[in-house]
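> I would like the atomic coordinates for the input below:
(chains A and B)
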2 protein chains.
Amino acid sequence: MKDTILISEIFGPTIQGEGALIGQPTIFVRTGGCDYRCSWCDTLYAVESKYRHDWKPMVAEDVMAEIEKLSGGKPLMVTISGGNPAIQDCTELLQLGKERRYQFCIETQGSIAADWFADLDILTLSPKPPSSGMDTDWKKFDACISAAKGNPKLALKLVIFDDADYEYAQKAAAKYPDLPLYLQPGNHSTDSSIPADMDGLNARMRWLIDKATSDQWYNATILPQLHVQIWGNERGV
Amino acid sequence: MKDTILISEIFGPTIQGEGALIGQPTIFVRTGGCDYRCSWCDTLYAVESKYRHDWKPMVAEDVMAEIEKLSGGKPLMVTISGGNPAIQDCTELLQLGKERRYQFCIETQGSIAADWFADLDILTLSPKPPSSGMDTDWKKFDACISAAKGNPKLALKLVIFDDADYEYAQKAAAKYPDLPLYLQPGNHSTDSSIPADMDGLNARMRWLIDKATSDQWYNATILPQLHVQIWGNERGV
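Next up is the predicted model:
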């Protein structure tokens, strides 16, 4: 039997709402399962094991067929997200996709290194700040960078809710001065059953811009989650 | 007497709200005066001649001193905007700033070429679509690209209000296939005396994303005006 990838959802094309590729058309492949449980996780349906029956084991050919169907067979950037996609084996998916000229990026917290990171076009590493309740193992984080073997473009994305997160972000940025750096105000408003708190989210964005520019942190790119601005907490967009 | 630049406002550091540098800390230098009068112009205070008494002629040293004061002397990207900054002589400003390791980008409609385009780091060309009421002179547009002499990174940014603008954008993109391409939903809600129509702006953003992705226009980056999302119609942010 062939290896499968555990899939929570595949949707798009839509635009990437965050980070280095913000605004770029992409298809999202969201895998199920995560080694973390961040306090403010906005995709619990792809993280908590109680949702595991919603996740579908799919062989790479079937995932690729769905991507091609959604994109009309025209290559574009595919974003593999999660959960933590690093716990899946995406080797074959990347191989199939690249043969057909699709590009691939993932976002991961950097807790698990996978050999197939070296086959990505973009690898966004997003270590989780104190407000998440998680601890960062920087040795494992470094192993993720090593696994990329210098092939994909790397990006460092840091979610910031409060002063403690901001300090964590400053230290992480200082530790990896060569990585393009993205700061993202944390989203406290992820309950899809109520409208997103745009006033609160924009207030945190303004706070972060003021703080970072006051500190002359000019090499940080500061971006909100655009999909929340545009669609609120809606899923599949 | 030294040459002066006509300045409408200098403010920041804040983040760039649009286009290729979205989210990046920058100081804005807005020049006064424009050869266009777009129907939906969102900075009439830097365009219409009735505001000309608000514009201050400043020598390059004084503009640079203000930039250094606002940035605390730490170099960053300076965005020269307008009005149409191409009608000013920014040669000396760029020379002074580059000596002090500042970077410079401008946005212009591409109607007037200036020799100092070749000294920029980024040149964003934003030809105006039919809804603006303006006509594009593509010879002059090409002269702007030539003036850059291959030095700055170029970007093509197209504002889209409606189907006619969308078609114009498609043609412009086809004419310049090598330029990184940014699509921006038009802002009909620029009256600073009333709150921005966020619902209307987000609806146009969703319309544009749907349309471009349905047309498999995957090399276009689609971004709203982030500063309007964050601050509404406030000035100086």
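
> what's the first helix or strand after the longest helix belonging to chain A?
Longest helix of chain A, by residue count under DSSP state H: helix A:198-214. Per DSSP states H and E, the first helix or strand lying C-terminal to helix A:198-214 is strand A:220-222.

> what mean pLDDT does that next one have?
Mean pLDDT, strand A:220-222: 98.

> one more: stretch A:142-162?
98.

> got it, and stretch A:186-194?
The average pLDDT within stretch A:186-194 is 85.

> contacts for that stretch, please.
If you take Cβ atoms under 8 Å, 6 or more residues apart in numbering or on different chains as the criterion, stretch A:186-194 is touched by A:40-42, A:131, A:159-162, A:165, A:196-197, A:200-201, A:204, A:225, A:228, A:233-235. Using the backbone N, CA and C atoms, a C-beta is placed for each residue, glycine as well.

> quote the end-to-end distance of that stretch.
17 Å (Cα to Cα, to the nearest Å).

> residue numbers of chain A in contact with chain B?
A:12-15, A:22-25, A:71-72, A:74-77, A:182, A:198, A:202, A:205-206, A:209, A:212-213, A:216-218, A:220-224, A:226, A:229-231 (Cβ under 8 Å from any Cβ of the partner chain).

> quick revisit: among the contacts of stretch A:186-194, which are in strands?
Counted as lying in strands by DSSP state E, out of those, are A:159-160.

> what residues are up against the nearest residue to residue A:39 once chain neighbours are set aside?
Spatial nearest neighbour of residue A:39, chain neighbours left out: residue A:133 (4.5 Å); criterion: Cβ to Cβ, 6 or more residues apart in numbering or on different chains. Contacts for residue A:133 (Cβ under 8 Å, 6+ apart) come out as A:37-39.

> I only care about the residues of chain A next to chain B that end up buried; give me the ChimeraX line for that.
Of the residues of chain A next to chain B, the buried ones go into a single ChimeraX selection, burial set by 16 or more other Cβ atoms under 10 Å in any protein chain shown:
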select /A:12,13,14,15,22,23,24,25,71,75,76,77,182,198,202,205,209,212,213,217,218,220,221,222,223,224,226,229,230,231
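
> measure stretch A:212-224 end to end?
One end of stretch A:212-224 to the other measures 14 Å (Cα to Cα).

> name the residues that touch it?
A:18-19, A:22, A:170, A:173, A:180-185, A:201-202, A:205, A:208-209, B:12-15, B:22-25, B:71-72, B:74-77, B:226, B:229-230.

> mind listing what the longest strand seen in chain A pairs with, with the direction of each?
Assignment by DSSP E gives strand A:5-15 as the longest strand of chain A. Next to strand A:5-15 in the sheet, as set by DSSP bridges, lie strand A:25-31 (antiparallel), strand A:56-58 (antiparallel).

> can I get these in TSV including mean pLDDT?
TSV is the format used below for the strands paired with strand A:5-15 (pLDDT from 0 to 100):
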stretch	mean pLDDT
strand A:25-31	98
strand A:56-58	97
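
> of those, which is nearest residue A:143?
Closest of those to residue A:143 is strand A:25-31, at 19.6 Å (criterion: Cβ to Cβ).

> which residues are in contact with that closest one?
Residues outside strand A:25-31 that contact it (Cβ under 8 Å, 6+ apart): A:5-16, A:43, A:46, A:55, A:63, A:67, A:70-71, A:76-85, A:87-88, A:93, A:105, B:212-213, B:217-218, B:220, B:222.

> now do that strand against helix B:198-214, angle only.
Orientation check (axes from the mean of the first three to the mean of the last three Cα atoms, to 10 degrees): strand A:25-31 against helix B:198-214 gives 90 degrees.

> narrow the contacts of stretch A:186-194 to those that are buried.
Of the contacts of stretch A:186-194, these count as buried by 16+ other Cβ under 10 Å: A:41-42, A:131, A:159-161, A:165, A:196-197, A:201, A:204, A:225, A:228, A:233.

> just checking, which helix or strand of chain A averages the lowest pLDDT?
Here the helix or strand of chain A ranked lowest by mean pLDDT, DSSP states H and E is helix A:226-231, holding a mean of 92.

> need the contact partners of that one.
Residues contacting helix A:226-231 (Cβ under 8 Å, 6+ apart): A:14-15, A:17-18, A:22-23, A:187, A:189, A:196, A:198, A:201, A:237, B:202, B:205-206, B:209, B:223-224, B:226, B:229.

> could you do stretch A:49-65 as well?
The contact list for stretch A:49-65, computed with Cβ under 8 Å, 6+ apart, reads A:2-8, A:10, A:29, A:31-33, A:44-46, A:66, A:90, A:92-93, A:95-97, A:100.

> buried among the residues you listed? Make that a ChimeraX selection.
Entered in ChimeraX, the line below selects the buried ones among the contacts of stretch A:49-65, by 16+ other Cβ under 10 Å:
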select /A:5,6,7,8,10,29,31,32,33,45,46,66,90,92,93,96,97
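
> tell me who's in contact with the residue lying closest to residue A:131 once chain neighbours are set aside.
Once flanking residues are discounted, residue A:131 sits nearest to residue A:161: 4.2 Å by Cβ to Cβ, 6+ apart. By Cβ under 8 Å, 6+ apart, residue A:161 lies in contact with A:40, A:129, A:131, A:185-186, A:188, A:204.

> check residue A:43 too.
Applying Cβ under 8 Å, 6+ apart to residue A:43 gives the contacts A:8, A:30, A:81-83.

> pretty sure residue A:5 contacts residue A:87?
No: look at residue A:5 against residue A:87 with Cβ atoms under 8 Å: they stay out of range, at 10.0 Å.

> pLDDT weak spots in chain A?
For chain A, the stretches with pLDDT under 70 are A:1.

> quick one, helices of it?
Ranges of helices within chain A are A:60-70, A:91-99, A:138-147, A:163-175, A:198-214, A:226-231, based on DSSP H.

> got TSV for the ones you listed, with distance to residue B:155 too?
Below are the helices of chain A laid out as TSV (distance: least, Cβ to Cβ, whole Å):
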stretch	distance to residue B:155
helix A:60-70	28
helix A:91-99	27
helix A:138-147	30
helix A:163-175	26
helix A:198-214	22
helix A:226-231	18
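
> picking that back up, taking the buried ones among the contacts of stretch A:186-194, tell me the two that lie furthest apart.
Going by Cβ to Cβ, the pair spanning the buried ones among the contacts of stretch A:186-194 furthest: A:165 and A:233, at 21.4 Å.
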